[in-house]
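> what follows is a predicted protein model with its sequence.
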Amino acid sequence: MQLCTVCCEHIPKYKCPVCKIRYCSVGCYKKHKDDCQPMKQATPPAPDLKETRISAGGDWSVEDLLEEDEHADRVPLQRLKELGESEDLKALLYNPHLRQLLLSVDRAENKADAMKAAMQEPLFVEFADQCLKIVEPSEEDDNCSMD
């Protein structure tokens, strides 16, 4: 799991519109903005009204800081809470082999290759399936929980 680049304590929820670092709160954004350095790009991007409003100190929201394609991959906060409360996931995480697999994926330089290797492990696949049942439940699962 990635941690806030500024405080190194919490999971980042936002991305700086200028340098793209990830941070967890408005407080961390305020600490970061004084030292912010834009990412080097081959061609300068077109001005973005959202970024202008943010850098000018105007009101902003999470949606302002997310790229359009990131919206599709967002997991609702309620689903994230359900992950943390899942007894099935907690039981799986007692397994030291699974914890080692998760650490190796998290620390890997090439995350895609690390995920491919981890997905060859039945225990990791079971963990991923359990996460997906919570994050993206099928209609059948939703109907069963309503009974």
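All right, it came through fine. Quantities reported herein were computed from a predicted structural model and do not represent experimental measurements. Numbers count the residues shown, from 1 in each chain.
> would you enumerate the residues in contact with residue 121?
97, 101 (C-beta atoms under 8 Å, 6 or more residues apart in numbering). Every residue, glycine included, has its C-beta placed from N, CA and C.
> rerun at 7 Å
With contact taken as C-beta atoms under 7 Å, 6 or more residues apart in numbering, residue 121 is in contact with residue 101.
> go on, the one 10 residues further on?
Applying C-beta under 7 Å, 6+ apart, one finds that residue 131 lies in contact with 83, 89.
> quick check: it vs residue 34, distance?
To residue 34, residue 131 is 38 Å away according to C-beta to C-beta, to the nearest Å.
> and for residue 91?
Taking C-beta to C-beta as the criterion, residue 91 is separated from residue 34 by 45 Å.
> who has more neighbours out of those two?
Between residue 91 and residue 34, counted using other C-beta atoms under 10 Å, residue 91 has the larger neighbour count: 10 against 6.
> could you pull out the strands for the chain?
Counting by DSSP state E, the chain forms strands over residues 14-15, 22-23, given from the N-terminal end onward.
> to residue 101, which of those lies closest?
Put simply, out of the strands of the chain the one that sits nearest residue 101 is strand 22-23, at 23.4 Å, with distance taken as C-beta to C-beta.
> how's this protein carved up into domains?
If the domains of the chain are taken from automatic domain parsing, they occupy 14-71, 77-146, with pieces of a single domain joined by a plus sign.
> what stretches of the chain score poorly on pLDDT?
Applying pLDDT under 70 to the predicted model, the residue ranges of the chain that meet it are 1, 39-73, 139-147.
> so where do the helices sit in it?
Under the criterion DSSP state H, the chain carries helices at the ranges 26-33, 49-55, 62-65, 68-71, 77-85, 87-93, 96-107, 111-118, 122-135, 139-146.
> what's the first one packed up against?
Counting contacts by 3 or more C-beta pairs under 7 Å, 6 or more residues apart in numbering; DSSP states H and E, helix 26-33 packs against no other helix or strand.
> gap between residue 12 and residue 76?
The gap separating residue 12 from residue 76 is 17 Å, by C-beta to C-beta.
> more neighbours: which of these two?
Set side by side, residue 12 and residue 76 give different neighbour counts by other C-beta under 10 Å, the larger being at residue 12 (19 against 9).
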